[in-house]
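> Would you be able to build a 3D model of this:
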Amino acid sequence: AMLISTVLGELPWSYDKIALWAEMSTSDHSFFSEYQIKFAAENYQMVYMGKCPGGGRNNTEEQYYNTTSYLRKYASSDELQVLVYFAADEAYCECYSSIHEFCNNQSMWFRDDYGNIVTNNGHPY
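Here you go, the predicted structure:
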């Protein structure tokens with residue numbers, strides 16, 4: 001069997017699957033439709049989901065879990081690899097429920113020499 005080299009190691013080649021990975025995100029950060037999930041699960045060997053599905057409704061983790069469950073349900077084999085992205089370089093307070101304690105406590109945020117909160121596009125560090 002032929003193998004595909006990736007940053008994650010070797011993936012088995014299959015003519016039954018598209019030999020590519022898919023990044024699942026929508027242009028308006030809406031939730032994925034059942035059609036989108038089913039298509040990705042049935043046609044790709046690796047699926048990657050970017051941050052903040054659902055447009056900043058503080059439910060990224062829930063959406064990752066639900067989407068991954070559906071991907072597994074529709075996958076034609078157990079070889080489907082699902083990758084999810086958590087932005088760890090800055091706090092996307094509107095996206096992640098797991099960082100509410102940090103987002104609600106400005107004493108934990110980085111400040112510059114003048115006491116100003118350090119942010120990137122409005123997201124605190």
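
> OK, contacts around Asn62?
Slight slip there: residue 62 is Glu, not Asn. Ser97 (C-beta atoms under 8 Å, 6 or more residues apart in numbering). Backbone N, C-alpha and C define where each C-beta goes, glycine included.

> Next one: it from Glu101, what distance?
According to C-beta to C-beta, to the nearest Å, Glu62 and Glu101 sit 17 Å apart.

> and the longest helix for the protein?
helix 60-74 (DSSP state H).

> for that helix, which positions count as buried?
For helix 60-74, a neighbour-count test (16 or more other C-beta atoms under 10 Å) marks Thr60, Gln63, Tyr64, Thr67, Thr68, Tyr70, Leu71 as buried.

> Show the residue spans covered by the helices in this structure.
Going by DSSP H, the chain shows helices at 34-43, 60-74, 100-103.

> for the chain, what are the low-confidence residue spans?
1-31, 53-56 (pLDDT under 70).

> all strands for this protein, in order.
When assigned using DSSP state E, the strands of the chain occupy the ranges 3-6, 9-12, 18-24, 44-49, 81-84, 119-120, 123-124.
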